[in-house]
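Student: structure of the sequence below:
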Amino acid sequence: MADIKQQIFQELTHLEEAAAKLHGTAIYAGKQTDLEVAILTEQVRTLRDKNARAADAIDKSLSILRKLKK
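Tutor: Numbers count the residues shown, from 1 in each chain. Modelled structure (predicted):
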């Protein structure tokens with residue numbers, strides 16, 4: 001009977017250790033995802049700024065061409 005109890009406690013200990021490792025992995029994955037989202041957000045912001053500047057340059061170019069055409 002004592003051997004069975006000991007075996008049950010050992011299995012519970014192994015299960016607890018596995019759960020702790022999985023919990024740590026989940027936390028790390030969440031932090032990694034947060035970092036990736038932050039990087040992508042900054043890249044999108046940069047691309048939007050570049051797109052706005054390009055649109056302004058195109059508008060100015062078109063305006064100049066229209067004036068020259070007259």
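Student: C-alpha from now on. contacts and neighbour counts both.
Tutor: OK.
Student: so Glu11 is in which element?
Tutor: Assigning secondary structure by DSSP states H and E places Glu11 in helix 2-69.
Student: now that helix, how far from the centre of its chain.
Tutor: Relative to its parent chain, helix 2-69 has a centroid offset of 0 Å by Cα atoms, centre = their mean, to the nearest Å.
Student: that one packs against which elements?
Tutor: With contacts taken as 3 or more Cα pairs under 8 Å, 6 or more residues apart in numbering; DSSP states H and E, helix 2-69 sits against no other helix or strand.
Student: average model confidence for it?
Tutor: Here helix 2-69 scores 93 as its mean pLDDT.
Student: spit out the contact partners of Ala2.
Tutor: If a contact means Cα atoms under 8 Å, 6 or more residues apart in numbering, then Ala2 has no contacts.
Student: please read the previous query as pertaining to Glu42.
Tutor: Applying Cα under 8 Å, 6+ apart, one finds that Glu42 lies in contact with no residue.
Student: burial of Ile27, as a residue count?
Tutor: Under the neighbour criterion other Cα atoms under 10 Å, Ile27 is assigned a count of 12.
Student: contacting residues around it?
Tutor: Ile27 is in contact with no residue at all, counting by Cα under 8 Å, 6+ apart.
Student: can you tell me how far it is from Glu42?
Tutor: Taken as Cα to Cα, to the nearest Å, the spacing of Ile27 relative to Glu42 amounts to 23 Å.
Student: likewise for Asn51?
Tutor: When Cα to Cα is applied, the distance between Asn51 and Glu42 equals 14 Å.
Student: where's Ile8 relative to Ala19, distance?
Tutor: Spatial separation of Ile8 from Ala19 under the definition Cα to Cα is 16 Å.
Student: burial count for Asn51?
Tutor: Look at Asn51: counted by other Cα under 10 Å, it has 12 neighbours.
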